[in-house]
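Q: need coordinates for the following:
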Amino acid sequence: MKQRLLFLLLPFVTTCLACTSFPTDLTGDWTDSSTNKGVDFTSSGVTGWGVTVLDKSVNSWTCVDEDTDQILLASPPVNIFGVDFVVYRCMKYKKLSSCSYKITFNSGKDINARNQRVIVLLKGDKDANGDSKATVALCNAGVVESRTIRKNTCS
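A: Residues are numbered from 1 along each chain as shown. As a prediction, the model looks like this:
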């Protein structure tokens, strides 16, 4: 019975484990040196780095895919003219010190998102093979934008 239950739950477990958590010392409130605005990291998501797509704003991001050095963050669905879209942000992070990290966004600029480095796709968008397009494979624009964030509790 236990083996059968594990077999039935396995697809759900692997779906939930698509992303590892951010490092513990990255969790908390930070200030982006490029915008002087706050960014808040939790174990699996980020609040901040607001983006406006047409007239809808998003600033909440959850990890949906990753590889060895890149994370794909997704916004909650955004309804535009009756159609649901999801905004994706490709991100890398590198620890500089206990009080600062280098953040790199790696995607092209999207004209519908006021030239922010994000990717806007239809919710549930699939490729020709029927696989989700929302993978880190989106994150290879070649041109990157880097910034430094500083932990608010550091002096």
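
Q: the longest strand seen in the chain: how far from the chain's middle?
A: Taking DSSP state E as the criterion, the chain has its longest strand at strand 83-97. Strand 83-97 sits 3 Å away from the centroid of its parent chain (Cα atoms, centre = their mean, to the nearest Å).

Q: now the angle from the helix or strand following that strand to strand 83-97?
A: Downstream of strand 83-97, the first helix or strand assigned by DSSP states H and E is strand 100-105. For strand 100-105 against strand 83-97, the angle by axes from the mean of the first three to the mean of the last three Cα atoms, to 10 degrees is 150 degrees.

Q: okay, buried residues for strand 100-105 please.
A: For strand 100-105, the neighbour count (16 or more other Cβ atoms under 10 Å) marks 100, 101, 103, 104, 105 as buried. C-betas here are computed from N, CA, C, even on glycine.

Q: which residues touch the residue lying closest to residue 79 once chain neighbours are set aside?
A: Take residue 79 and drop its neighbours on the chain: the residue closest to it by Cβ to Cβ, 6 or more residues apart in numbering is residue 56, 7.4 Å away. With contacts defined as Cβ atoms under 8 Å, 6 or more residues apart in numbering, residue 56 is in contact with 78, 79, 80.

Q: with residue 86 instead?
A: 74, 75, 76, 77, 78, 120, 121, 122, 123, 134.

Q: okay, residue 63: pLDDT?
A: Looking at residue 63, its pLDDT is 92.

Q: so how far is the helix or strand containing it off the chain centroid?
A: Following DSSP H and E, one finds residue 63 within strand 56-66. On the basis of Cα atoms, centre = their mean, strand 56-66 sits 5 Å off its chain's mean C-alpha point.

Q: repeat for stretch 114-126
A: Mean C-alpha position of stretch 114-126 versus that of the full chain (Cα atoms, centre = their mean) differs by 12 Å.

Q: tell me the helices in this protein, going along the chain?
A: Taking DSSP state H as the criterion, the chain carries its helices at 2-16.

Q: for residue 143, what are its contacts?
A: Counting by Cβ under 8 Å, 6+ apart, residue 143 makes contact with residue 108.

Q: let's go with 10 Å and repeat that
A: Going by Cβ atoms under 10 Å, 6 or more residues apart in numbering, residue 143 touches 105, 106, 107, 108, 109, 117.

Q: quick one: the third one from residue 53, how far?
A: For residue 107, the distance to residue 53 (Cβ to Cβ, to the nearest Å) stands at 14 Å.
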